[in-house]
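In: kindly return the folded structure for what I paste below:
(one chain, ligands or ions: 1)
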Amino acid sequence: MDLFKVLGSGAKFNKKRFIEDIALFEPSNKLRKTNDTSDTQMDIMQEINFFHNSKSAIVETLGVTKDKKIAKDVEKEQEEENINSHDDGSENEYDQVEEEPLTKDLNSVNDVKLFRKRHRIHVYGTDVPNPFSSFDDLESKYDFQQYICKNLKNSAYEKPTPIQMQAIPIMIHGRDLMAMAPTGSGKTLAYILPILHDLKGPEKIGYRALIISPTRELAQQIYREFKKMTIGKKFKVCMLTKATAATQAQAPHLREKFDILISTPLRLVHAIQQEIIELKNVRHLILDEADKLLELGFLEQTDEIFAACSNIKLQKALFSATFPSSVETLANDFMKDPIRVVIGLKNAATETIKQKLLYVGQEEGKLIAVRQLIQEGFKPPVLIFVQSIERAKELFHELIYDGINVDVIHSERTKAQRDSIISNFRQGKIWVLIATELMARGMDFKGVNLVINYDFPQSVQSYIHRIGRTGRAGRSGEAVTYYTKDDAPYLKSIVNVMKESGCEVPDWMLQLKNPSKESKQRLRKKPIERKTIDTRSTYDIKKMRRKKKIIETSKRRKAHKLVPASNKNEDINKGDPLYGGKKEKKDKPKDDNKSKNESKSLLSNKKVKQNNRNNKDY
Ligand SMILES: Nc1ncnc2c1ncn2[C@@H]1O[C@H](COP(=O)(O)OP(=O)(O)OP(=O)(O)O)[C@@H](O)[C@H]1O
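Out: Modelled structure (predicted):
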């Protein structure tokens, strides 16, 4: 078999020119056919069918209709469906058999065990409350208020997703929770519903629930979800912005009117330090994208927020699609008798995403591959991830002349620009959106068909979250990751994720060496240096560079006075509008009620510091 054909599918390359690169990837033993059969994929897909799609839909998702065995299975399934369907419109037997445990009360230990197994719910901890199986249970078993059930019905969600089935009862029972579930599997609703149930109604005693998100864009999305779910109840939900903080600073009496607060860490810390926000009544503290918020760069701020939440009855819940083991250890340290829930496999990609790795030779090959895709025709919307703001701008300047509706989003764009881009992308006005890591976490763009990792991701976690912008809520999606010979040492990390999520991976890739811990850490700290994305003449490039250098030097001079050194390279941090602002003098908030247990600082813990230094999973 021609190895280069395998490596270069999707882009045209000069084989002679890349002869050295080919040698780089050629394994010593002969290529063998992949071991991954479509059967295995099908089994996995059926097991993780969170949104209860039919078998034929799964086949469509996998794109394996040509596989004879599966095609036969589908045919059989359809035949069975036809046989079992009744003219009177009653449910067919096939559905009843499949759905039996879903509609049954989960009374016995065995029922619960079977139910969890079927939905790939893994629980760790003591006295774990039973999951629930249908949204009707919320009203009948847990006494949820009418308005919540009505809003749920209006959202047209038929059934809870596995994370909702298990996380909601845990939160209702007041337990601390660490919840890990795939991207796009409904984690937001899994914490919104129990919070609303517990708060009952507006109380005018100040914030009682606090949700922290690493980016302003995700915070806005969460805010919208809360607004949707609180229709019919006069809850006051606040998204902390410069404007809302200023209003509350000027009119302290307004603060008590609010019930729920959503914020990015920096914005909130700023408000705490200025004594604009009181968190002593907060009963629910949620960290969305918790592993990001517990990483160095955010940890200091998260710690300060924890310290300000002084209520002894504080319930802490962490949600993410990924939890490196170091973060899990840290979380275990500050949570009280927590329950850990894992849906499916730990740190895995969503299985409805068809993942591909594409060898592009040199940097220039990436642009060729993108242009080829454009020429061949693609199905928008498409998200393209690059590793830096600079490269996002460069790629944008290249693609703007390609006759497609393309835009670029990163933290250097104004808030108004970012809001308008997100809205236009959602409405389909932008076909291709070039983005930095800022967009990788939590953003719910329902119809994204394709994610392109133009630049190889700096960690497995980044890969999982980036590609997780497609294939959401049970939909299918595609993700392509371009790689050059510089990325080759890290390839195996992504191959492992692909393999685990049931994607076909050629045998030679499976035989690659895993990158060392040290090299993974190095990559995480600093991206690979790459050639500028530019097809202009050398003369033009030099001229531009000179101009840019002058502008940058002047900018740097100004910024140096303002930006805290620790945050300079964190694009995701810049998502917080406070980023780049003057760092406030740190006065810990005064908290007379603070219990010994609750005031334990995350940073004062030696083990925590060590864990953060040895972030092993990257
Ligand atoms: N029970 C449900 N049935 C169908 N769709 C649902 C259900 N619950 C939530 N959704 C939808 O699924 C989509 C993904 O939800 P959400 O954004 O909460 O995912 P997530 O798990 O937080 O993903 P990420 O890890 O990327 O942040 C949303 O569009 C949401 O409206």
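In: hey, let's count contacts and neighbours off CA atoms from now on
Out: Fine.
In: return the residues of the stretch 301-450 of the chain in contact with the ligand.
Out: Counting by C-alpha under 6 Å from any ligand atom, the stretch 301-450 of the chain comes close to the ligand at 320, 321, 442, 444, 446.
In: put the buried members of the residues you listed into a ChimeraX selection.
Out: To isolate the buried ones among those in ChimeraX, judged by 16 or more other C-alpha atoms under 10 Å, type:
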select :320,321,442,444
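In: show me the residues of the stretch 301-450 of the chain next to the ligand that map onto strands.
Out: Under the assignment DSSP state E, these contribute residue 320 to strands.
In: now the residues of the stretch 301-450 of the chain next to the ligand in CSV, with pLDDT?
Out: Formatted as CSV, these follow (pLDDT from 0 to 100):
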residue, pLDDT
320, 98
321, 97
442, 95
444, 96
446, 80
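In: what's the farthest-apart pair in the residues of the stretch 301-450 of the chain next to the ligand?
Out: Pairwise distances across these peak at 18.4 Å for 320 and 446 (criterion: C-alpha to C-alpha).
In: low-confidence bits of the protein, can you list those?
Out: For the chain, the stretches with pLDDT under 70 are 1-104, 537, 561-618.
In: hmm, try it at 80
Out: Within the chain, the segments meeting pLDDT under 80 span 1-107, 536-541, 544, 559-618.
In: confirm for me that residue 493 is in contact with residue 460.
Out: Yes - between residue 493 and residue 460 there is a contact under C-alpha atoms under 8 Å: 6.5 Å.
In: neighbour count for the two, which is higher?
Out: residue 460 (23 against 18; other C-alpha atoms under 10 Å).
In: picking that back up, list just the nearest of the residues of the stretch 301-450 of the chain next to the ligand to the ligand.
Out: residue 442 (3.2 Å; C-alpha to the nearest ligand atom).
In: so which strand or helix has the residue nearest to that closest one when sequence neighbours are not counted?
Out: Distance criterion C-alpha to C-alpha, 6 or more residues apart in numbering; nearest residue to residue 442, sequence neighbours excluded, is residue 218 at 6.1 Å. Secondary structure from DSSP states H and E places residue 218 in helix 216-229.
In: next SSE after that helix?
Out: Counting by DSSP H and E, what follows helix 216-229 is strand 237-239.
In: which residues touch that following strand?
Out: Here strand 237-239 makes contact (C-alpha atoms under 8 Å, 6 or more residues apart in numbering) with 219, 220, 223, 226, 227, 244, 258, 259, 260, 261, 262, 263.
In: distance between it and the chain's centre?
Out: 22 Å (C-alpha atoms, centre = their mean, to the nearest Å).
In: give me the residue from the stretch 451-600 of the chain nearest the ligand.
Out: For the stretch 451-600 of the chain, C-alpha to the nearest ligand atom, closest residue to the ligand: residue 473, 4.2 Å.
In: not including adjacent chain positions, what is the nearest residue to that residue?
Out: residue 184 (5.3 Å).
In: can you get me a residue count around that neighbour?
Out: Residue 184 has 23 neighbouring residues, counting by other C-alpha under 10 Å.
In: ditto for residue 519
Out: For residue 519, using other C-alpha under 10 Å, the count is 13.
In: A helix includes it, no?
Out: Yes - counting by DSSP: H, G, I helix; E, B strand; the rest coil, one finds residue 519 located in a helix.
In: and it, how far is that from residue 195?
Out: 42 Å (C-alpha to C-alpha, to the nearest Å).
In: for residue 435, same thing?
Out: 32 Å.
In: looking at those two, which is more packed in?
Out: residue 435 (26 against 22).
In: which strand or helix spans the closest residue to residue 228 other than its chain neighbours?
Out: Distances taken as C-alpha to C-alpha, 6+ apart place residue 151 nearest to residue 228, at 7.1 Å, with adjacent residues excluded. Following DSSP H and E, one finds residue 151 within helix 146-154.
In: now do residue 300
Out: Assigned by DSSP H and E, residue 300 falls in helix 299-308.
In: against which helices or strands is that helix packed?
Out: Here helix 299-308 touches helix 265-273, going by 3 or more C-alpha pairs under 8 Å, 6 or more residues apart in numbering; DSSP states H and E.
In: just the buried residues of the helix it packs on, please?
Out: Buried-residue list, helix 265-273, by 16+ other C-alpha under 10 Å: 265, 266, 267, 268, 269, 270, 271, 272, 273.
In: also stretch 301-316?
Out: Neighbour-count burial for stretch 301-316 [16+ other C-alpha under 10 Å]: 301-312, 314-316.
In: what's the end-to-end length of it?
Out: 16 Å.
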